[in-house]
Every structure is written in C-alpha cells, then in structure tokens.
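Colleague: A predicted structure for the sequence below; I have some questions about it.
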Amino acid sequence: MVLGLALAYGGVAQLLAGMWEFRAGNTFGAVAFSSFGAFWISFFLLVTFNAGQIVAPGNAGHAIGLYEWAWAIFTFYMTIAALRTSGAVLLVFVLLTVTFVLLAIGDSGGHTTATHWGGYVGVATAIAAWYASFAQVINSTFGKTVAPLFPLGR
C-alpha cells in the first residue's frame, strides 16, 4: 500500500511539480520537488527489487545507509537554501535532514534506536510539511494570510 503512494504521489507527482517549478523560474522549488520526486521513485525501486538482493549478502544495511547519507547531504544543503524561503519550509528541511541522518546512522551500523528516532522525526517532518502545504494553499485560496508561513528575511 505504501509503495503505490511512494511511487505515485511522492515520486511522479513531485517530479511533475518540480518540472512546473522550473517553468515558473523557481529554482528552489524545482530542485526540491524534482529531487525528492526522484528519491521516492528510487526508493520504490529499491524496495520493489529488494535491495538485499542487489548488493552482496549482509551489506544491504550499509548500502541503504550510504543511500541515506547521500540524501542527508543533499537535504542539508537544501536546508541552507531554505533560509531564504519561510520558517515553515525551513522547519521541514531541518527535520528532514535530521531524519535522514538518524536513518543513515541506524542502517549503516544496525542501530535500531537511531532508526526508531529517525521514524519519529520523520513523522514530525510529515506534520511540518502538511502544515506548510496547508498554509500555502489556504493563504493562496483566501488571498490573505490565514495560516502563517513565518516569512524569513530576504
């Protein structure tokens, strides 16, 4: 059930949104949506084709950990760029960076506590992202600030 959502909404929908952001001239949105769309598509493929069978036996955790470290690095530099967006978007990227770091630590060394905390922070990331998207949509729909995005200095 989750894999279909990851592929369709997380992957394809975000990839399309990223392409529309390129067209609109929003570099941050284009890179963020396109990249995380690609993340979800690649995650779907990793799980579908069983990452444990792709690499040498016993190395799947290290391979997934490396994958997550790469996404942590990408997300961290997007967090720096998010300093010029809004507090709501910045919070999403800070939490997502922490999520990837914790998951990478957990998978790289079999640290289940780090993996569990990565899941908890991932849920907090989702809540922050839902709020940020809600605020953007509701404010645009009403033509005024109904739900603050907490603008940062530009």
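Modeller: Structure received.
Colleague: any idea how far the top helix by length along the chain is from the chain center?
Modeller: Within the chain, and with DSSP state H defining each element, the longest helix by residue count is helix 112-142. Chain-centre distance of helix 112-142: 10 Å, with CA atoms, centre = their mean, to the nearest Å.
Colleague: I'd like the next helix or strand past the helix or strand bottoming out on mean pLDDT in the chain.
Modeller: The helix or strand with the lowest mean pLDDT-type score in the chain, counting by mean pLDDT, DSSP states H and E, is helix 51-54 (a mean of 70). Sequence order places helix 60-82 as the next helix or strand after helix 51-54, per DSSP states H and E.
Colleague: quick one: mean pLDDT for that next one?
Modeller: The average pLDDT within helix 60-82 is 94.
Colleague: buried residues in it?
Modeller: Of all the residues in helix 60-82, those buried under the rule 16 or more other CB atoms under 10 Å are 60-61, 63-65, 67-69, 71-72, 74-76, 78-79, 82. Glycine gets a C-beta too; all of them are placed from N, C-alpha and C.
Colleague: now residue 41. Nearest residue, chain neighbours left out?
Modeller: residue 11 (3.8 Å; CB to CB, 6 or more residues apart in numbering).
Colleague: I meant residue 148, not that one.
Modeller: residue 135 (6.8 Å).
Colleague: circling back to that earlier point, quick check: the residue nearest to residue 41 touching residue 45?
Modeller: No. The pair residue 11 / residue 45 is not scored as a contact, 9.4 Å apart, by CB atoms under 8 Å.
Colleague: who has more neighbours, these two?
Modeller: Counted by other CB atoms under 10 Å, residue 11 and residue 45 do not tie: residue 11 has more neighbours, with 21 against 14.
Colleague: pLDDT below threshold where in this structure?
Modeller: The chain contains residues with pLDDT under 70 at 51-52, 55, 57, 153-154.
Colleague: mind splitting it into its structural domains?
Modeller: Using automatic domain parsing, the domain parsing of the chain gives 1-49, 58-154.
Colleague: CA atoms only for stretch 145-154, dumped as PDB, please.
Modeller: C-alpha atoms of stretch 145-154 as PDB (Å, rounded to 0.1, in the frame of the first residue of the first chain):
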ATOM      1  CA  THR A 145      -2.700  35.100   5.400                       C
ATOM      2  CA  VAL A 146      -4.900  32.700   7.200                       C
ATOM      3  CA  ALA A 147      -2.200  30.300   8.300                       C
ATOM      4  CA  PRO A 148       1.200  32.000   8.800                       C
ATOM      5  CA  LEU A 149       4.200  30.600   6.900                       C
ATOM      6  CA  PHE A 150       6.600  32.600   9.100                       C
ATOM      7  CA  PRO A 151       8.500  34.500   6.400                       C
ATOM      8  CA  LEU A 152      12.200  34.800   6.800                       C
ATOM      9  CA  GLY A 153      14.300  37.900   5.900                       C
ATOM     10  CA  ARG A 154      15.000  38.200   2.200                       C
END
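Colleague: since that was my last question, I'll sign off now.
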